[in-house]
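1. Using only what follows, build the 3D model:
(6 chains)
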There are 4 protein chains.
Amino acid sequence: MRKETGLVIAKGTSDAAAGAPRRGRPRSVETTHAILESAYTLMAATGLAATTIDAVARHSNVSKMTIYKWWPSREALLIDAFLHHAAQMLPLPPTSAGTQAARARRHAAAYAEALQGEFGKVQLAVISECISKTGSAELFYARYLQFRRDALVEMIASGQRDGSIQADAPAEDLYDAIYGSLFYRYVFGIAPITPAYARSLVDLVLRPKG
Amino acid sequence: MRKETGLVIAKGTSDAAAGAPRRGRPRSVETTHAILESAYTLMAATGLAATTIDAVARHSNVSKMTIYKWWPSREALLIDAFLHHAAQMLPLPPTSAGTQAARARRHAAAYAEALQGEFGKVQLAVISECISKTGSAELFYARYLQFRRDALVEMIASGQRDGSIQADAPAEDLYDAIYGSLFYRYVFGIAPITPAYARSLVDLVLRPKG
Amino acid sequence: MRKETGLVIAKGTSDAAAGAPRRGRPRSVETTHAILESAYTLMAATGLAATTIDAVARHSNVSKMTIYKWWPSREALLIDAFLHHAAQMLPLPPTSAGTQAARARRHAAAYAEALQGEFGKVQLAVISECISKTGSAELFYARYLQFRRDALVEMIASGQRDGSIQADAPAEDLYDAIYGSLFYRYVFGIAPITPAYARSLVDLVLRPKG
Amino acid sequence: MRKETGLVIAKGTSDAAAGAPRRGRPRSVETTHAILESAYTLMAATGLAATTIDAVARHSNVSKMTIYKWWPSREALLIDAFLHHAAQMLPLPPTSAGTQAARARRHAAAYAEALQGEFGKVQLAVISECISKTGSAELFYARYLQFRRDALVEMIASGQRDGSIQADAPAEDLYDAIYGSLFYRYVFGIAPITPAYARSLVDLVLRPKG
DNA sequence: AGTTAAGCGAGACGGTACGTCTCGTCTTTTA
DNA sequence: TAAAAGACGAGACGTACCGTCTCGCTTAACT
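-> Take a look at the predicted model:
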């Protein structure tokens, strides 16, 4: 089992666990945690714009130098802070009972649920920061989304193979139609993203049997 | 009848055209244009982060005061600058020949085409700026997207009524599935947004007859 | 009797009274007064720094253009506003009874008295403004002080001739020693300028007989 | 024993020298010097009005923040810049040979000499700035003048005690009569302040024996 | 036990944008 | 033609954050 899914940008964190006991004073784990917690807290509480490096340093009682030492940029820190919290929050697609269509329905509903809380707000802020700095959210995709999307695409494909999902378009397209819809509505505030809507959307796109 | 579609944030722009000849020196049209053109040019050329109010003032030879007088915030200016250009670029859905499904297909393809150029880049930057400052892109939706979405939703509904579109979900959901997919893929850089993909997506979601 | 002692800088004021009935709308006397009154009021009430052209325009309900039309600069306006009020307030040296020394003593005491009120504050502000803009207060001297100094110097000289003033230095030097002392103490806030101090100073410098 | 005579406004300057080795990066001495030198240079060269914080920052290659960090206001900086230069330029009253009256004569002549150069111009500008901002030049007095005045007053009093100065008024009054005269003439540009005039003034006021 | 390498907090610093302010000029309409 | 109304360019104001830099103290591994 992997402890980290390769998502962490900060240098050194994994090295510490691995092999060679480095010379000098080892990196303080509490400090790293304090930074990430503070970053997440500030993002959630005061919004993205107010989550400056200075503010994180103040809130966590850590010097700016220490932050700059381990994270190359603001978006890197924000992504790490998001992952630090989100990893547990929105688990990978459930392997639980039911048809693949039912599982897809459950996952979409859970995601819709999560979007309505703090998670949605912070996620969007992080994505926005990536876009602002790099022109797109590819970094966020690579570090967080891709893994989840791949898993769900595979789930849909499997449903197509066993006949429980009747839509015959590429599974990627089906996934994007579902989660793209949810994301689109969320970003533009078109309507509240309810679990019910998520479920109806899955049925609309996947056309499950029965 | 108003010429503008309610998209302009800057105060007074529309009042000037309408009725009462105001007292005092009238607002300079060239100045307004210079500001908007400069803002768009800078957004496209140097990116959103470099498109500061100071930079726009420098580039357009306009004083900062004048900009702050007519636009309450940076995002307001950026949206206006975007609209100023985009209005012509991505016209409303065509009223041209063919079934409603064919017209929807054409519009989606045109949008996909546009996304690949400068337009897509700038649009995304503006949306991201809105999110950064206000927490969501509702402002962008209200000033730009809503009008277009409403028109296309009506087109889809009309296709459903005359039977050329077989999908029987609410037209809004169908629209969001199409354009949400395009947006999602674009934001996360999942794949190039080709006109072909846009057309296949329309067929997948709307299930046109024949 | 002279109405104005040639102190006014603003153009046109005297033309209005004199001869030729000019073409077009005549200059409004109330406007001129309103400007000067407002300028003085603001100087006394809010201090010199807050007495901007904009503030005067606002307070007097006169357009900025009108002020700029008649006064070439801020200090010109401030001097005029000061003269407008001060001319009556601190009259020329009294021609009343007593020896020249007694009259000098009385005038110095009256000046000391005046310095302690609003007059002192405004006068100093105007002088300071002249220095800030032109490097010295020569303009203030030429328009206000010189006339008064000349009169008093002559009074002292007359006292020297008739023997009531024993000091034998040039009368200018004696005048400057008295009023320079008062001014110096006032500017640097060394001590309150009391009439008693002014009188003792006159006696110290002039050494009157008896 | 402190080297400085309490004239410096900038915080921390003296603390650095004293005792406790402070934490963090120590304040840069070159930076402080560059700021003061630039401020003085600009005052002398371009006048007080042009000596803005921005201009000082540009000229000294120092960030505005750094200036604002150490000086609370423009006048504070200007006074410090003046003191920085003036301290050497116009030394305290000489302890050299001769009677007290002769020494007073020499000091007055030296002051008159200095007034005619750049020093007089800058000094007056600083005083004017104090008046503009605070209503009087008490700040300038407290930080610069008082110390010198006290020393000279004591010198005059000593001359009175040993009989070399015959004037029997309070020594403060005598000092103010001399330096007030010089200041008055200088401010209003009544006449050039020559060393000869200064010496004759000392004789007029102090009436030295012989 | 002493040395050495790195972690870390405190805080100075140059740079740059922020949003506000006043100045003095300019351009209209109204009287 | 005077005056009011108000747009405008210029540029200083004081603040904030950025990312870099010196310091000096602390902590552990290595000698």
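2. pLDDT below threshold where in chain A?
-> Scanning chain A for pLDDT under 70 picks out A:1-22, A:88-96, A:210.
3. Tell me which stretches of it form helices.
-> Remark: helices assigned in chain A by DSSP state H are A:13-17, A:29-46, A:53-60, A:64-70, A:74-89, A:100-115, A:118-134, A:138-140, A:146-161, A:171-188, A:195-206.
4. Dump those to JSON lines, plus mean neighbour count and distance to D:Leu124.
-> In this view, the C-beta of every residue, glycine as well, is placed from N, C-alpha and C. Conversion of those to JSON lines gives the following (neighbours: other CB atoms under 10 Å in any protein chain shown; distance: least, CB to CB, whole Å):
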{"stretch": "helix A:13-17", "mean neighbour count": "12", "distance to D:Leu124": "64"}
{"stretch": "helix A:29-46", "mean neighbour count": "18", "distance to D:Leu124": "50"}
{"stretch": "helix A:53-60", "mean neighbour count": "17", "distance to D:Leu124": "43"}
{"stretch": "helix A:64-70", "mean neighbour count": "15", "distance to D:Leu124": "45"}
{"stretch": "helix A:74-89", "mean neighbour count": "20", "distance to D:Leu124": "50"}
{"stretch": "helix A:100-115", "mean neighbour count": "21", "distance to D:Leu124": "68"}
{"stretch": "helix A:118-134", "mean neighbour count": "21", "distance to D:Leu124": "52"}
{"stretch": "helix A:138-140", "mean neighbour count": "21", "distance to D:Leu124": "61"}
{"stretch": "helix A:146-161", "mean neighbour count": "17", "distance to D:Leu124": "72"}
{"stretch": "helix A:171-188", "mean neighbour count": "24", "distance to D:Leu124": "63"}
{"stretch": "helix A:195-206", "mean neighbour count": "20", "distance to D:Leu124": "76"}
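5. Nearest to chain D, out of the ones you listed?
-> helix A:64-70 (10.8 Å; CB to the nearest CB).
6. is the closest one up against chain D anywhere?
-> No - counting by CB under 8 Å from any CB of the partner chain, chain D is not contacted by helix A:64-70; separation bottoms out at 10.8 Å.
7. Check which helices and strands that helix sits against.
-> helix A:29-46, helix A:53-60 (3 or more CB pairs under 8 Å, 6 or more residues apart in numbering or on different chains; DSSP states H and E).
8. let's see it at 6 Å
-> Helix A:64-70 is packed against no helix or strand, with contacts defined by 3 or more CB pairs under 6 Å, 6 or more residues apart in numbering or on different chains; DSSP states H and E.
9. where's the residue nearest the centre of chain A relative to B:Ser73, distance?
-> Among the residues of chain A, the smallest C-alpha distance to the mean C-alpha position (CA atoms, centre = their mean) belongs to A:Tyr144, namely 4.8 Å. According to CB to CB, to the nearest Å, A:Tyr144 stands 30 Å off from B:Ser73.
10. is it possible to export the helices of chain A to JSON lines including distance to C:His59?
-> Converted to JSON lines, these look like this (distance: least, CB to CB, whole Å):
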{"stretch": "helix A:13-17", "distance to C:His59": "65"}
{"stretch": "helix A:29-46", "distance to C:His59": "42"}
{"stretch": "helix A:53-60", "distance to C:His59": "42"}
{"stretch": "helix A:64-70", "distance to C:His59": "48"}
{"stretch": "helix A:74-89", "distance to C:His59": "48"}
{"stretch": "helix A:100-115", "distance to C:His59": "56"}
{"stretch": "helix A:118-134", "distance to C:His59": "46"}
{"stretch": "helix A:138-140", "distance to C:His59": "57"}
{"stretch": "helix A:146-161", "distance to C:His59": "66"}
{"stretch": "helix A:171-188", "distance to C:His59": "49"}
{"stretch": "helix A:195-206", "distance to C:His59": "60"}
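11. Could you say which one of the ones you listed comes nearest to C:Pro170?
-> The stretch from the helices of chain A with the least distance to C:Pro170 (CB to CB) is helix A:53-60; that distance is 66.8 Å.
12. What is that closest one packed up against?
-> Counting by 3+ CB pairs under 6 Å, 6+ apart, helix A:53-60 packs on helix A:29-46.
13. Does DNA strand F have contacts with the helix it packs on?
-> No - Helix A:29-46 lies out of reach of DNA strand F by CB under 7 Å from any atom of the strand, never closer than 9.8 Å.
14. picking that back up, could you say which one of the helices of chain A comes nearest to C:Ala102?
-> Minimum separation from C:Ala102 across the helices of chain A (CB to CB) falls at helix A:53-60, 71.3 Å.
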